[in-house]
Structures are given as structure tokens and as C-alpha cells.
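Engineer: Starting from these lines, generate the structure:
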Amino acid sequence: MNVPDLFRLDGQVALITGGSRGLGLQMAKALGAMGCRVAITARKADELAQARGELQALGIEVLTLVGDLQQLDTIPALVDDAVSGLGAIDILINNAGTTWGAPAEDYPLEAWDKVMNLNIRSIFLMSQQIGKRSMIPRRHGRIINVSSVAGILASPLGS
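Structural biologist: Residues are numbered from 1 along each chain as shown. From the prediction side, this is the model:
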């Protein structure tokens with residue numbers, strides 16, 4: 001067996017949040033190249049359409065799902081659409097995230113809520129939904145949470 005065959009994911013389904021550009025799109029391309037069918041989510045339909053074109057040009061089966069994960073009540077329907085479109089999810093990559101550029105002492109509460117809802121609560125709710133719908137019943141699946149280096153480096157007040 002050759003090394004690329006060790007990493008084949010033929011027949012598996014991956015869902016990547018924030019998958020229309022940047023690291024999310026690169027992960028979709030890599031998983032697709034290894035045989036996954038991929039679903040990608042993002043807020044902007046035009047960016048999803050462009051990403052779909054790039055993935056399809058590589059021969060990757062892709063489902064695009066427009067959704068704002070900050071709207072936490074929309075997550076169950078987004079998962080419904082992913083599962084009905086591609087089947088049970090084997091791999092969930094929680095990649096969508098945001099930040100707010102302000103020193104801690106000036107950080108508005110609304111900005112804090114925005115960041116926490118997307119970066120923390122949506123990850124929990126997405127993982128919970130995928131777990132219940134796909135992974136726990138089949139006793140199979142992987143969840144990968146992507147984080148920024150900003151999550152491990154503190155910035156001093158007033159900087």
C-alpha cells in the first residue's frame with residue numbers, strides 16, 4: 001500500500017464551517033482530494049458559489065449552505081440540509097470564527113457577544129447537532145475545532 005492510500009477518505013462526508021475561502025476552502029480541497037464529499041457553509045452566497053466552482057473544477061462533490069452561524073437558532077436547519085444533501089456527516093470542521101479589534105478595556109459588550117456566539121456557542125451547538133444526528137448513532141466521526149493563534153497569546157491592556 002502506498003502512503004496516499006493510507007489517507008483515503010472515500011465515501012466519507014465532511015462539513016466545513018467557514019468553508020468558502022481561506023483555510024476552510026483549503027481544507028475542503030484537501031478532504032475532497034482524499035475522497036470526501038464536502039459540504040461548506042458561509043454567510044456570503046457569492047463566495048460560496050465561487051468556492052463551489054473551484055471545488056467542482058477539481059472533481060470534488062460539494063454542497064454549499066448559506067448560513068450565519070451567529071444566528072444560533074438556524075444551526076439545526078443547516079445540519080438538516082447538510083445531512084439530507086450528502087448523508088451522515090463523518091467529519092465536522094468547526095472553522096468559522098471572528099474577532100473584534102479593540103483593547104479589552106474598550107471592548108463593547110455587543111462585540112463580546114458576537115465573538116462568543118460564533119467562536120464558542122456555535123461550535124458547541126454544531127457539534128451537538130452533528131453528534132446526535134450522525135456520529136453517536138453510528139459510533140463514528142471526527143470533530144476538528146480550528147482556532148486562531150490569538151487564542152493562546154495575550155495582548156497587554158492598552159496595546
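Engineer: ok, and the closest non-adjacent residue to the residue nearest the centre of the chain?
Structural biologist: The chain has Thr17 as the residue nearest its centroid, 1.9 Å off, counting by C-alpha atoms, centre = their mean. Using C-beta to C-beta, 6 or more residues apart in numbering and skipping residues adjacent in sequence, the residue nearest Thr17 is Ala96, 3.9 Å away. (Each C-beta comes from the backbone N, C-alpha and C, glycine too.)
Engineer: Confirm the one you found sits in a strand?
Structural biologist: No. Using DSSP: H, G, I helix; E, B strand; the rest coil, the assignment for Ala96 is coil, not a strand.
Engineer: Can you tell me how far it is from Ser84?
Structural biologist: 21 Å (C-beta to C-beta, to the nearest Å).
Engineer: Compare the two (neighbour count), which wins?
Structural biologist: Legend: neighbour count by other C-beta atoms under 10 Å for Ala96 and Ser84, higher for Ala96 (24 against 9).
Engineer: and that one, what does it touch?
Structural biologist: By C-beta atoms under 8 Å, 6 or more residues apart in numbering, the contact set of Ala96 is Thr17, Gly18, Gly24, Thr41, Ala42, Leu69, Leu118, Ser122.
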